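[1] for reference, the sequence and a predicted model appear below.
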Amino acid sequence: ALMNELAIIFEKLKINTQSVLDAAGTKWNFMHFKPGLVGGHCIGVDPYYLTHKAQSVGYNPQLILAGRRINDGMGAYVAQKMIKTLLKKKLQVNEARLLVLGLTFKENCPDLRNTKVIDVINELKEYGALVDVYDPWCKASEAMLEYNIQLTKKLNSSHYDGVLVCVAHDDFKQMGITNIKSLCKREHVIFDLKNIFAAHKTDIRL
């Protein structure tokens, strides 16, 4: 939650989040957390049990609740940042063809439980975007059952107005930014949520 809030603040201040984290990482006891979509059970769900219990005995756990509010709003924040960048590039938003890379709640893992990527997808669809989802780690049957998502099996070149790299699967790192860009039309937006690629090779990051 703290990393996500810092990412939002750095954006407002026009400061690169990764540069700040790299500098902080030179300190021996720095803990290497990064901003992103925080899903799963232990972070995305379990704190609610604690806050409920705390409130039942008369204590309002403000810090935990604030953290949950920030994390729960990250999907909408990511989608809005993508839409704003499309508009800045004078690209069509309604019926824009967007590709989401990654659906699982963390990298190199097939687990879909409480993935926050679904929040990004749903928010993009609210803007009228046509969203394809590709995740080689995820079972197509589970994506359909859990989220009514029909996974894309084949990626076509020069097809997308934008790509959002939402999960840091090794598959996407190995795919490389050149191949990812080849999936896009000449004018496009690439949003690297996980800072997999060099900043100058993508349009936006967290």
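    The structure has been received and is ready for your questions.

[2] buried set for the longest strand seen in the chain?
    The longest strand of the chain (DSSP state E) is strand 184-192. Within strand 184-192, the residues scored as buried using 16 or more other Cβ atoms under 10 Å are 184, 188-192. Using the backbone N, CA and C atoms, a C-beta is placed for each residue, glycine as well.

[3] and if you look at stretch 58-77?
    In stretch 58-77, counting by 16+ other Cβ under 10 Å, buried: 61, 67-68, 70-71, 74-75, 77.

[4] circling back: next secondary structure after the longest strand of the chain?
    Downstream of strand 184-192, the first helix or strand assigned by DSSP states H and E is strand 204-205.

[5] okay, now the sheet partners of that next one, with direction.
    In the sheet, strand 204-205 lines up against strand 184-192 (parallel) (DSSP bridges).

[6] end-to-end on stretch 118-135?
    Counting by Cα to Cα, to the nearest Å, you get 13 Å between the two ends of stretch 118-135.

[7] thinking again about what came up before, closest to Lys139 among the buried residues of stretch 58-77?
    Gly75 (22.0 Å; Cβ to Cβ).

[8] I'd say the closest one and Asp119 touch.
    Yes: Gly75 is within contact range of Asp119, at 2.4 Å (criterion: Cβ atoms under 8 Å).

[9] state the number of residues packed around the spatially closest residue to Asp171 that is not a sequence neighbour.
    Nearest residue to Asp171, sequence neighbours excluded (Cβ to Cβ, 6 or more residues apart in numbering): Pro136, at 5.1 Å. Per other Cβ atoms under 10 Å, the neighbour tally for Pro136 reads 14.

[10] so where is the chain shaky, pLDDT-wise?
    Applying pLDDT under 70 to the chain flags the ranges 1-4, 6-7, 15, 17-18, 20-21, 24-25, 28, 30-48, 64, 66-67.

[11] residue boundaries of the strands in it?
    Under DSSP E, the chain gives strands at 97-101, 130-134, 160-165, 184-192, 204-205.

[12] between the third one and strand 184-192, how big is the angle?
    Between strand 160-165 and strand 184-192, the angle comes out at 20 degrees (axes from the mean of the first three to the mean of the last three Cα atoms, to 10 degrees).
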